[in-house]
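A.B. asks: The sequence and its predicted three-dimensional model are supplied below.
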Amino acid sequence: MVNNRYPDKNKQTEKVNESDDFIISPVTHVRQSKKIESRVLVLDYLPEGKGFGQTKQREPIVQCIGTTWFTLLELSTERRRSFTQYEEHSLTKNGEKSPIKQVKRRITINDLTNTGYQSLEEAVFKIINKNEKRFVSFFNKAQPITNRIHSLQLIPGIGKKLMWEILDTRKGIPFVSFTDIEERVKISDIRKMILNRVMQELEEDEKHRLFTASSEISSKR
């Protein structure tokens, strides 16, 4: 897992101006917020479900992560179907028969199996790589959170000096790729910087969230 963290000592108590609510999934049609996960990556597959005892037959469970808000979810699945790690699935039926029966619940990092926890960082990295345009857009449009802190400063490795370089550089021509940002601002491995921030938001009870949906439960492991 990512061990290096860059806590911001100047965080304020004000929240980002967006809803903390969340829609778990279009599959269950349970409205719990305004943020939606339509696709997920598999972290772990439990063909015999979770828990112990023989009081009733346990249904297979998939632990997964959403590809939009990095939401951790548990899904119940058809018994005659296996799932491979990092396999991507849609939560919207779209007229197709889905092996996913329903979204059972939203979970925190503490609820992941050892396998799920160990595969989490790689899954996040895959999502970042696949959605480069979305994250590059963040660097083009990021705004201050309060009058003392800019959202760019919440990304591990970006201090005030680098923040101003990014803001000044994007004024002329917007960034078009990770490589473009790295070359024009002279920084390296921006994917890892984003990865560290996502993991920090998943592992800690952050006041300000850039890339993940908020959780009411602290997810420190």
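C.D. replies: Sure, I can see it. Given the structure is predicted, the values throughout are model-derived calculations rather than measurements. Residues are numbered from 1 along each chain as shown.
A.B. asks: When you work out contacts or count neighbours from here on, use the C-alpha atoms and nothing else.
C.D. replies: Fine.
A.B. asks: mind pulling up the phi and psi values for residue 88?
C.D. replies: Phi and psi for residue 88, reported as degrees, to the nearest 10, are phi -100, psi 140.
A.B. asks: Quick check: the nearest residue to it once chain neighbours are set aside vs residue 60, distance?
C.D. replies: Nearest-residue entry for residue 88: residue 41, 4.5 Å, with adjacent residues in sequence omitted and distances by CA to CA, 6 or more residues apart in numbering. Distance check for residue 41 against residue 60: by CA to CA, to the nearest Å, it reads 16 Å.
A.B. asks: Have a look at the two and say which one is more surrounded.
C.D. replies: residue 41 (26 against 20; other CA atoms under 10 Å).
A.B. asks: How is the spatially most central residue of the chain assigned, secondary-structure-wise?
C.D. replies: Centroid-nearest residue in the chain, with CA atoms, centre = their mean: residue 70, separated by 2.2 Å. Of the three states, residue 70 takes coil under DSSP: H, G, I helix; E, B strand; the rest coil.
A.B. asks: Report the contact partners of it.
C.D. replies: Residues near residue 70 by CA atoms under 8 Å, 6 or more residues apart in numbering: 124, 198, 211, 212, 213.
A.B. asks: secondary structure element for the fourth one?
C.D. replies: The one in question is residue 212. In the assignment (DSSP states H and E), residue 212 maps to no helix and no strand.
A.B. asks: wait, what's in contact with the closest residue to it other than its chain neighbours?
C.D. replies: Nearest residue to residue 212, sequence neighbours excluded (CA to CA, 6+ apart): residue 69, at 4.6 Å. Residue 69 makes contacts with 35, 36, 37, 211, 212, 213, as judged by CA under 8 Å, 6+ apart.
A.B. asks: next one: residue 165
C.D. replies: Contacts of residue 165 by CA under 8 Å, 6+ apart are residue 185.
A.B. asks: which stretch of helix or strand covers it?
C.D. replies: Residue 165 belongs to helix 160-170, assigned by DSSP H and E.
A.B. asks: just to revisit the earlier point, quick one, grab the pLDDT at the residue nearest to residue 212.
C.D. replies: At residue 69, the model reports a pLDDT of 95.
A.B. asks: can you check residue 59 too?
C.D. replies: At residue 59, pLDDT is 86.
A.B. asks: What is the burial count for it?
C.D. replies: Neighbours around residue 59, by other CA under 10 Å: 15.
A.B. asks: from now on call the first residue 691
C.D. replies: In the new count, where the first residue is 691, that last one comes out as residue 749.
A.B. asks: all helices for this protein, in order.
C.D. replies: 804-820, 822-831, 850-860, 868-875, 880-893 (DSSP state H).
A.B. asks: Put the alpha carbons of the first one into PDB.
C.D. replies: In this case it means helix 804-820. Coordinates of each C-alpha in helix 804-820 appear next as PDB, following Å, rounded to 0.1, in the frame of the first residue of the first chain:
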ATOM      1  CA  ASN A 804      -7.100  -9.100   2.800                       C
ATOM      2  CA  THR A 805      -7.200  -9.800  -0.900                       C
ATOM      3  CA  GLY A 806      -9.500  -6.900  -1.600                       C
ATOM      4  CA  TYR A 807      -7.300  -4.600   0.500                       C
ATOM      5  CA  GLN A 808      -4.100  -5.700  -1.300                       C
ATOM      6  CA  SER A 809      -5.600  -5.200  -4.700                       C
ATOM      7  CA  LEU A 810      -7.100  -1.800  -3.900                       C
ATOM      8  CA  GLU A 811      -4.100   0.400  -4.900                       C
ATOM      9  CA  GLU A 812      -3.700  -1.400  -8.300                       C
ATOM     10  CA  ALA A 813      -7.400  -1.000  -9.000                       C
ATOM     11  CA  VAL A 814      -7.200   2.800  -8.300                       C
ATOM     12  CA  PHE A 815      -4.200   3.100 -10.500                       C
ATOM     13  CA  LYS A 816      -6.100   1.300 -13.400                       C
ATOM     14  CA  ILE A 817      -9.000   3.700 -13.000                       C
ATOM     15  CA  ILE A 818      -6.700   6.700 -13.000                       C
ATOM     16  CA  ASN A 819      -5.000   5.500 -16.200                       C
ATOM     17  CA  LYS A 820      -8.300   4.700 -18.000                       C
END
